[in-house]
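Q: Test case, fold it:
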Amino acid sequence: MAYGKFQRSFALPEGVNADTIKADYKDGVLKITIPKPATKQPKAITVQ
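A: All right, here's what the predicted structure looks like:
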């Protein structure tokens, strides 16, 4: 068996709030949940 340090990093997509990211480690598996950022709704303009 191999033991030792492991490190991984990645860039978050634009618009993700880092405070809403959750991580869970169970049975040797790390699960990271990153919620999708809210999509911007198009602004409605009334033309007369």
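Q: Now do the residue most central in space within the chain against P42, distance only.
A: In the chain, the C-alpha nearest the mean C-alpha coordinate belongs to I34, at 2.5 Å (CA atoms, centre = their mean). I34 sits 25 Å away from P42, taking CB to CB, to the nearest Å as the criterion. C-beta here means a position set from N, CA and C on the backbone, and glycine is covered the same way.
Q: Can you read off the backbone torsions of the closest residue to the residue nearest to the centre of the chain other than its chain neighbours?
A: Closest residue to I34 in three dimensions, ignoring its sequence neighbours and counting by CB to CB, 6 or more residues apart in numbering: I21, at 5.3 Å. Dihedral angles of I21 (phi, psi; degrees, to the nearest 10) stand at phi -80, psi 140.
Q: Verify the contact between I21 and T33 for me.
A: Yes - using CB atoms under 8 Å, I21 makes contact with T33 at a distance of 6.9 Å.
Q: In terms of neighbours, single out the busier of these two.
A: I21 (12 against 9; other CB atoms under 10 Å).
Q: List the buried residues in stretch 30-46.
A: Neighbour counts over stretch 30-46 (16 or more other CB atoms under 10 Å) mark no residue as buried.
Q: let me fix that: stretch 6-26
A: So for stretch 6-26, nothing qualifies as buried (16+ other CB under 10 Å).
Q: now do the same end-to-end measure for it.
A: Using CA to CA, to the nearest Å, the end-to-end distance of stretch 6-26 comes out at 16 Å.
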